[in-house]
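Participant: please find the sequence and the predicted model below.
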Amino acid sequence: MFAVCVTFEIDPEQIETFLGLMRHQAATSLAEEPGCQRFDVWTDRAAPATVFLYEIYSDRAAFDAHLQSTHFKTFDRDVSPMIVEKSVRTYDQAIEN
């Protein structure tokens, strides 16, 4: 398994639009990508313009396919102007449960 954690800081005036697009992105990834196992979207009540993603893919190749998908490229293009800051971390599963 391969985990992806993304933290966004979004322009506060754009957060509702961003979350709507993110909701669609998560649903589409889960529905159309066999390698996408989980796509969680989290927010912080104390910092409502911060959005955290927790994504699980079968492997790195499944994540790379996600990045090449038309729906991801469209999402990335549409939300880029809303993003103040973005951090991406990836993890390989070290211990299987």
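Facilitator: Here it is on my side, so go on. On a predicted model such as this, the values are computed, not experimentally measured, just so you know.
Participant: helices along this protein, start to end?
Facilitator: Per DSSP state H, the chain carries helices over the ranges 15-32, 60-68, 70-79.
Participant: okay, the ones you listed in a markdown table with mean neighbour count next?
Facilitator: C-beta: built from backbone N, CA, C; applies to glycine. Shown next, in a markdown table, are the helices of the chain (neighbours: other C-beta atoms under 10 Å):
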| stretch | mean neighbour count |
| --- | --- |
| helix 15-32 | 15 |
| helix 60-68 | 14 |
| helix 70-79 | 14 |
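Participant: quick one, which of those is nearest to residue 6?
Facilitator: Smallest distance to residue 6 across the helices of the chain (C-beta to C-beta): 10.2 Å, for helix 15-32.
Participant: follow-up on the earlier one: would you format the helices of the chain as a markdown table with mean pLDDT and distance to residue 49 included?
Facilitator: Below are the helices of the chain laid out as a markdown table (pLDDT from 0 to 100; distance: least, C-beta to C-beta, whole Å):
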| stretch | mean pLDDT | distance to residue 49 |
| --- | --- | --- |
| helix 15-32 | 97 | 5 |
| helix 60-68 | 97 | 24 |
| helix 70-79 | 97 | 13 |
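Participant: same list (these) but as a markdown table, adding distance to residue 85.
Facilitator: Below are those laid out as a markdown table (distance: least, C-beta to C-beta, whole Å):
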| stretch | distance to residue 85 |
| --- | --- |
| helix 15-32 | 13 |
| helix 60-68 | 19 |
| helix 70-79 | 13 |
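Participant: which one of those lies nearest to residue 48?
Facilitator: Per C-beta to C-beta, nearest to residue 48 of these: helix 15-32, 6.3 Å.
Participant: and the angle from that closest one to helix 70-79?
Facilitator: Relative orientation of helix 15-32 versus helix 70-79 (axes from the mean of the first three to the mean of the last three C-alpha atoms, to 10 degrees): 170 degrees.
Participant: relative to helix 60-68, how tilted is helix 15-32?
Facilitator: Using the same axes, to 10 degrees: helix 15-32 against helix 60-68 is 130 degrees.
Participant: let me know the pLDDT of residue 97.
Facilitator: With respect to pLDDT, residue 97 scores 78.
Participant: tell me how far it lies from residue 56.
Facilitator: Look at residue 97 and residue 56: by C-beta to C-beta, to the nearest Å, they are 13 Å apart.
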